[in-house]
Every structure is written in structure tokens, then in C-alpha cells.
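Engineer: Return a 3D structure for these sequence lines:
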Amino acid sequence: MDGLTAGRSLHTESKISTTIHDGCAGLGNPTHVSIHRSGRYLHRNCIFPPVNRCNRHTVVHHAVAEIQRRNQRITELDNESGTFSGVKFIEDIRRKHTQIIKTGNTPNLYNKIIQSCAKYGLLEDARQVFDKMPERNISSWGYIIAGYSQHGYCQEVFKLFCLMQSEGTELNQLVITSVVHACTNLDDIKQGKQVHAQIVKRKLDSGVGIGTALVTLYVKCGNIEDARKAFDIIHSPNLVSWSSMIGGYAQNEQGEEALKLFSAMKHHSGLKPNQFTVCNVLRALTALEALEQGKEVHAHVIKTGFDIDVYIGSNLLNMYVKCGNIWDAFKVFEDLPTRNVVSWTAMIAGFSQRLYGDEALKLFSYMQLARLKPNQFTYSSVLCACSTRALLRQGRRLHGQVIKNGFQSDLSVGIALIKMYASSGITEDATLVFETTSEQNVVSWTTMIVGYTQSGQCEEAFKLFIKMKREGVSPNQFTFASILSACASVTSLGQGKGIHACIAKTRFQSDLTVGNAIVTMYAKCGSIEDAHDAFHQLPDRDLVSWNAMIAGYAQHGNGEKALQVFEQMQQAGMMPDHITFVGVLSACSNVGLVDKGRSYFNSMTRERNITPCLEHYTCMVDLLGRAGLLDEANKIISEMPYKPDALVWRTLLSACRIHGNMKLGEHAAECILELETKNASTYVMLSNIYAATGRWDSVKRVRQMMEDRGVKKEPGCSWIEVHRTVHTFITRDRSHPQTEGIYSKLKELTLRMKEAGYVPYVNLSLHHVDDEQKDQSLCYHSEQLAIAFGLINAPFGMPIRILMNLSVCGDCHSAIKFISSIADREIIVKDTNRFHHFKDGLCSCGEYW
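Structural biologist: Numbering: from 1, shown residues only. As a prediction, this is how the structure comes out:
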């Protein structure tokens, strides 16, 4: 018979044979202590029943009498089950009861009974003794308040504290620390500050016990400044005080301060760190990604003979993982003398975070072979490792295990499943998991929004964001950053401005993650001026901020401005990374700064110790190709330490089209078609090269090749947003409700353009037809239809913003310059390569595109 069963049996006996004496019914204590120690506590019953006509000694007397009657049975249960059932506690109560009878109403003996009952969670019993005491002293109040505080009855703590003060009883350390702990448990900083004020008034704040309790309160409530003030007042901080303050800095992402305090502790206090101190220091180093200092702490742990238990081991694992040193983390894991679910989970999570999905799955299998049962955190970690299409099949099997083991309703597991399916592009399954999860929080909503955005379903992302707000879930900084990314993906400036206005009403307007997302959104939505303003309004800037602004200016064709920002970034002491140089080289390419581009490319290795990647070489091919240096561009491809991909060859082919180099263009096209045969743009660019030189037989041959291989040219498509509604147009489109007005507007514009000197670039058409037919065909390209619609519907003076799925053709580029002058309207066109800002008959590209 186990302890719980034995306890229940005794509890049943006590109900049947309850002794009635003088209006008081007594139930034996063993029932309660036995059940409590087995993990179950029947709070409604207590040792000391309500006292009606009894004298004050009766409170203890009947309980002890009942205990004595059953003492033999209790001892038998102890011997049988091996479970503590309260015999020692009962004997202690009996001794104290005997002392009360002999000495009279001694408060100290009553206090000991209160203390003993409170220790074992028998708070109703302790309270009845307290309420019936003939005389209370400061210890009586301290023990009863401490009992309620230790067992989480915080409201009772506050009530007793107020009652104590109303009776004029002085405060002592036990009372104060208990009340402060109650405030800490409730995260009630307002109540805590009121108690703190009374502590200061009585000049008790310099004591180590009270001071440490205050530090813990402020740390838990996130008020790190007041925590430090409370810490500094303590006369002689002990190890708990130091560890609490160091942990507070680590939790509040102030790693530098945590390390300074740790250093001060080692040099001035004479105290040696314990495992909690070490764990807090490791958390600080993890946040700072300070690998070398982390290794020093690791060496110190080994040198001083610390046992690397599961707690220190897990923190060492996390530190190495966050610092990108996954294999040192694995060595720590292998060297652990014992491993539990926590250590296995930490290592699986490390592999998952560093995108070692196969290793995470192998380790999960070994964990199961070790007969350890995964918990919800294990499952959420290993599921995140399956967030690629390559591992989706294993992820589905794990989903089955999750259901079998009953973790499908756990929120963290649900979020991991949503991420797994959404990252693999299976948004239907992600949506199903999201909708069937019983509990939702801001993380699950945000994960689903990110999934829709990454899979190109931005309209669904917008709908979900609106639904989230309607259901009363407050977005956090990651939600806002994700929905801004959706706005940027579809260049929805109207939506983006609406989200920005929403952010301005929240505490996230100064958050750096959100600020960077705002800068990126405006830049990608074509409003580089708003991006500039948002950048300069950032209270602080990190590398992401600078990179966003450099890339923004580069994409808008303002290369000189991009390079100015790059110089400002270096002057501010920010070190560029490989992403920075992609933006810088693109800026040089877009405005033809060949010499500067070469210089920046060479400085990557010489001055910054950054090894150029394939993307940097592609930028150099683009820079040289646009400038007509085709042989040098081809040499870059042949000499670079990477196998050329289709994008590099396509970049060279585009340059060959611009400069009419048919031979090199054919070579580039052949290389592309060896890598991918289904990309229509390769055939179209090669056809353009042939068409521009009148080689119509070659054009026909390329078309036949497309037909034989089942390749279809993607139709030109353009989008325009007016009054928060997106309108879509394709070439020669007549499906729009305003078709008649749009075509009428185009005819009017064409006549006025010709009067102003516009001549169609008919040689750019692929059709071997007469010039008049080419002229008419070019007039009805999707971007011109969208512009005509914008001129009809957008308020006068508002820029017209067009998004295209292809590169703007030369004829449309020329036509839009004329339209911007005739209509006196700024027109911003984003094609697959860059933004073109047309105004007063000119384009921001300076004809260099």
C-alpha cells in the first residue's frame, strides 16, 4: 500500500469514528500530512476543528487525544509504506501541548505550534490556534504571515499585515520579508513599493534578508534600477543577494552590468560563486554572445571543482549554441555525468536553432532509446528542426507521436507545429493546427502571420492580423514586424502607413525591431523619403538599421546617397557585414560607379576580413556588365571560387541584351539552360537580342524551343493601390470595370505624347509585324494600363505607384517619362530590378538601367 492509499484509508476511518466532545469534533492529523506529502492536500479539513464552548487548551487537547488513539496504526502505516506520514510532527505537537498545560498560556509555545503547522501547509489549523491565542506577540504574527506567504496565500498575507499594523504591533524581518515575497509572487510592484516605503521609514532596508527580498521583488517585476538601488543599500550582501542582482541584469538583457557585478563580487566580497551565480553569469554571457568570456567561466567551473550538473550544463550548452559554437555545446553534453530530459532537450534545441535538423532528429532518437520520455519542450524543439520541406515527412511522424502522447493541446507544441508546416509552405495544415489549438497567445498568432507572409499569402496575413486585434490579443513587436513585412512584400504603402499609425499608439514605437521593419517597409513600398524620416527617428541604430537604409537607397537608384550612409555608418563605429556590401555594390551598379565598386569589393577581404560570397560576385558581374565591360564580367565568372548559378549567367545575359553582344549572350543563355530549362525570362532575353538585330529566324527558333519544352512566357502584370484597394492589370487587359475609360485615357495620352515628341521603340517588339501594329501593342502594356487607371482615380497631386512582375521595357520607360510631364504627376514604378521615379519628364535611373 503506498502512502497516498494508506492516507486515504486512515482518512475514511477518521470520518467513521470521529470523537464528539463538548461541541468539538477532532480529526486526526495523520490523514492530512500523509496525503499532503503524497502530492494531494485536503484543505477543507484540519487538525483543529472550530471551538465553540471549549477552553483555549481544548483546541490542542482533542487533536492530540485523537492522535494518541491512532498512534499505533500510524506507525504501522509508516513501516508498511515507507512514506512520511507525520508521526514526528504529531509527537512534536503533543510535547508542546504538555508544556502548555504545565506552564499555562505561554505565547511562545503557541507560536511553536503555529510554526509547525504552517511548515507543513496546515494553515487552517495554524490560523485557528493563532485566532484563539490569549496573547500574541511579534513572533505569532511572523509565523502565521510567513506560513501564508510560503504557501502562496498572498491576499491573506496582506490582510494579516494590515490587521497587525492596525493593532500597533512592530514589524520584524520575518514579517517584512514574507510580505515582500507575497508582492513578488503576485508581481505587485505597487504594493511592494508601499511596503518598501515603510521599510525605509523604519530604517530596516540595509539588512541582508530584507534587502535581498526587495532586490528579488524588483528584478521579477522588471524594475532593474530600483533593484540595484535596493542592492546598494545592503550593508553586507550575501551570496543570494549577489546572485539575485546578477540574475536580474541577465534577465533584463543587461549582460555587461551583470559581468561587472560578478567581477565586483569576486574581488571585493570574498564570496565564492555557487551554481546559481554561475548559471546567471552564463545567461548574461549568452545574451552578449561573449564566447571567449564564456569559455573562461567554463574553465573556472572546471578548475574550482564544480560539478557540472544539469543546470550548469544546460546553461553552458545554451551559451555555446547562442555563440554559434554548436560542437563545443555537444562536447559539454557528452561530458555530462548524468543526463535528464532537460539536458537532452537543451541539446536538441541547440541543433534545431542552428539549423542542424538531421542531428536534432538523431539525438531525439537516441533520447528515446535511453528510455527517457520527451516533454512538451522536447517536442517543440525537435518539431522546429523539421521546418524544411526536406524534413517534413519526419515532422509529420512526430506530429503523430505528439497526438499519441497527449501533447497536441500544449501551446508551445502547437506553435512549433504551425511553424513547421508554414515554413514548408503547407499553410493549409498550419491553419488547421492553429484553428484547432485550444489556447492561443500572441506567439501563435504571430507565427501564423509569419507563415502566411513567407508563403506569399499576404492578404491572409492582413485578415488574420485584423482578426487577432478584434479578439483582444495585443500584438507584440514581432507581430508588428511580421505584418510590416507583409506590407513590404506586396508594396502596400496604404496598409503599411495604417500599421505604422497603429504602432505609434503603442509602447513599441521606440522598439528597434519594429523601427527597422518600418524603414524597410517604406523603402520597399517606394517611399524612400518616409524611410529616411523613419531611419532618423530611430532612438538607436544597429547593423540592420544601417543595412536597410543603404539597400533602400540602392534599390531606388540613389547610389551616391547609399554610399554616404555607408560612410556615416563607419564613422558611427558600426562594422559592416556581408549584407552591407551587397547593398553597397548594388548602389555602385545602379549608378555606374565602376571604380568605387571595384575598390569596395577588394576592401572586403583586405580591410574587413569578409570573404565574398556568390551574391557579391553577382553584383560585380552586374556592375561591369551594365558598364559594357562584358569581357571583364565574364572573367569574374570564370575565376570566382564558386560554381556559377543561373542568376549569375542571367545577369550577364541581361547585360549582353543591353549592349547587343550576341555571341556572349548566346553563351550565357546556353549555360542558363543547362541549369534550368523552364525559366521563360532566359528565352525572352535571347529573343530580344535576336529581334533587336532583325534575326527573326532565330527568334522563331527560340519560340519553337519554348513550345517544345512546354515553357510559357509569363504575362506582364502590374498592380496599383488606390483607396486601400489593389487593382491588377495584364497586357491588353479588358476585364476591369473601367476598361472603356482606361483605354480612352491611353489614347488621349498617346496623342499628347506624340505631339510632345514621343516615338515608340518598335524595334523592341518581338513580333515580326508592321510598325503600326507594334505601336498599338506597346501602348497596351500592363504598366501603362495601370497608370491610366491611376490618373483617372487617384487624387490629383498624389504619386502613382505601380508594381510590376517583369522588367519595364524600353518603350514603356520612355512613354512614362512623357506621361509624368504631360500629367504633371510623379509616377513610381517598381519592376523586378529596382524602383524608377518618373517626374517632370525624367527618371531617377538617369537612363542607366
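
Engineer: Touching the strand or helix carrying residue 605 from outside, list them.
Structural biologist: Applying DSSP states H and E as the criterion places residue 605 in helix 594-606. With C-beta atoms under 8 Å, 6 or more residues apart in numbering as the test, helix 594-606 has contacts from 563, 578, 581, 584-585, 588-589, 610-612, 616, 619-620, 623-624, 627, 629. In this view, the C-beta of every residue, glycine as well, is placed from N, C-alpha and C.

Engineer: Pull out the buried members of those.
Structural biologist: The neighbour count (16 or more other C-beta atoms under 10 Å) marks 563, 581, 584-585, 588-589, 610, 612, 616, 619-620, 623-624, 627, 629 as buried among these.

Engineer: follow-up on the earlier one: go through the helix holding residue 605 and flag the buried ones.
Structural biologist: Those would be 594, 596, 597, 598, 600, 601, 604, for helix 594-606 by 16+ other C-beta under 10 Å.

Engineer: Show the subsequent helix or strand relative to that helix.
Structural biologist: helix 614-626.

Engineer: what angle sits between that following helix and helix 594-606?
Structural biologist: Put simply, helix 614-626 runs at 160 degrees to helix 594-606, going by axes from the mean of the first three to the mean of the last three C-alpha atoms, to 10 degrees.

Engineer: Give me the mean pLDDT for the helix holding residue 605.
Structural biologist: Averaged across helix 594-606, the pLDDT comes to 94.

Engineer: Could you check how far that helix is from the centre of its chain?
Structural biologist: 36 Å (C-alpha atoms, centre = their mean, to the nearest Å).

Engineer: can you check stretch 373-389 too?
Structural biologist: 17 Å.

Engineer: Okay, buried residues for it please.
Structural biologist: 374-387.

Engineer: cool, and stretch 826-840?
Structural biologist: Buried-residue list, stretch 826-840, by 16+ other C-beta under 10 Å: 827, 828, 829, 830, 831, 833, 834, 835, 836, 837, 838, 839.

Engineer: wait, is the third one part of a helix?
Structural biologist: No - when DSSP: H, G, I helix; E, B strand; the rest coil is applied, residue 829 is found to be strand, with no helix at that position.

Engineer: what residues are up against residue 739?
Structural biologist: residue 733.

Engineer: Next, name the residue at the spatial heart of this structure.
Structural biologist: Centre of the chain computed as the mean C-alpha position; nearest residue by C-alpha atoms, centre = their mean is residue 478, 6.0 Å away.

Engineer: Could you verify my assumption that that residue touches residue 446?
Structural biologist: Yes - the pair residue 478 / residue 446 is scored as a contact, 5.2 Å apart, by C-beta atoms under 8 Å.

Engineer: Would you enumerate the residues in contact with the closest residue to residue 359 other than its chain neighbours?
Structural biologist: Among residues not flanking residue 359 along the chain, residue 351 sits closest, at 4.4 Å (C-beta to C-beta, 6 or more residues apart in numbering). By C-beta under 8 Å, 6+ apart, residue 351 lies in contact with 326, 357, 359, 360, 363, 385.

Engineer: Phi first, then psi, for residue 351.
Structural biologist: The phi and psi values for residue 351, taken as degrees, to the nearest 10, are phi -60, psi -40.

Engineer: pLDDT score for it?
Structural biologist: 94.

Engineer: For residue 178, see how far away it is.
Structural biologist: Residue 351 is 44 Å from residue 178, where distance means C-beta to C-beta, to the nearest Å.

Engineer: give me the low-pLDDT residue ranges for this protein?
Structural biologist: Scanning the chain for pLDDT under 70 picks out 1-106, 307, 761-779, 849.
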